[in-house]
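Student: Quick check, what structure comes out for this input:
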Amino acid sequence: MPVNSDDLVRKMARLMQRGAVMLEETCPLCGSPLFRLPNGDIVCPIHGKIKIVSSDEEASIIEAESVLRELIGYSAGKIKELMSNGSTPEDIGRWLLILEKAVEIGGNMRLSFSSSSQHEPSQRKSQGKEGS
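Tutor: Modelled structure (predicted):
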């Protein structure tokens, strides 16, 4: 749903009334200014919470982790469904393997990123809405 300029200005004013500070960065989705809330969260007045990343690699990892979270949730739901339907252990086992692999990949990605990010200079970029 598009937001008209009057609505955007009202949302920005409400953020500032709550103590938010307007940042130089803009939302990568809509171009609106980003705001830092008193609790440190970065928000877009249209899209909500935004994650600031320090590299393209970190942005890719955040996107991949989001996909893995969805896969983990779907797998867990599928396992629960199969268990309630009296499915065979083999059917449940297939989904358990998918779940296990997704968790393993997520852990490896975080380890890989944390060791490589210690050696790279910081560059600020904004990334889309966090954790859907």
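Student: Work out the gap between stretch 44-64 and the centre of the chain.
Tutor: How far stretch 44-64 lies from its chain's middle: 6 Å, per CA atoms, centre = their mean, to the nearest Å.
Student: Torsion angles phi and psi at G48?
Tutor: With angles defined as degrees, to the nearest 10, G48 sits at phi 90, psi -150.
Student: pretty sure M83 is touching D91, no?
Tutor: No - if you go by CB atoms under 8 Å, M83 and D91 don't touch, sitting 9.7 Å apart. Yep, even glycine has a C-beta here, placed from its N, CA and C like the rest.
Student: average pLDDT for stretch 26-37?
Tutor: Across stretch 26-37, pLDDT averages out at 87.
Student: quick one: buried residues of that stretch?
Tutor: Judged by neighbour count (16 or more other CB atoms under 10 Å), stretch 26-37 contains these buried residues: C27, P28, S32, L34, F35, R36.
Student: How far does that stretch sit from its chain's centre?
Tutor: For stretch 26-37, the distance to the chain centre is 15 Å (CA atoms, centre = their mean).
Student: measure it end to end?
Tutor: Taking CA to CA, to the nearest Å, stretch 26-37 runs 15 Å from one end to the other.
Student: same check, this time on stretch 27-47
Tutor: End to end - CA to CA - stretch 27-47 spans 8 Å.
Student: Would you mind pulling up the elements that the helix or strand hosting M16 packs against?
Tutor: Under the criterion of DSSP states H and E, M16 resides in helix 5-17. Under the contact definition 3 or more CB pairs under 8 Å, 6 or more residues apart in numbering; DSSP states H and E, helix 5-17 sits against strand 33-36.
Student: Contacts for the strand it packs on next, please.
Tutor: For strand 33-36, contacts defined as CB atoms under 8 Å, 6 or more residues apart in numbering pick out 12, 15-16, 20-23, 25-27, 42-45, 50, 126.
Student: That concludes my questions; thank you for your assistance.
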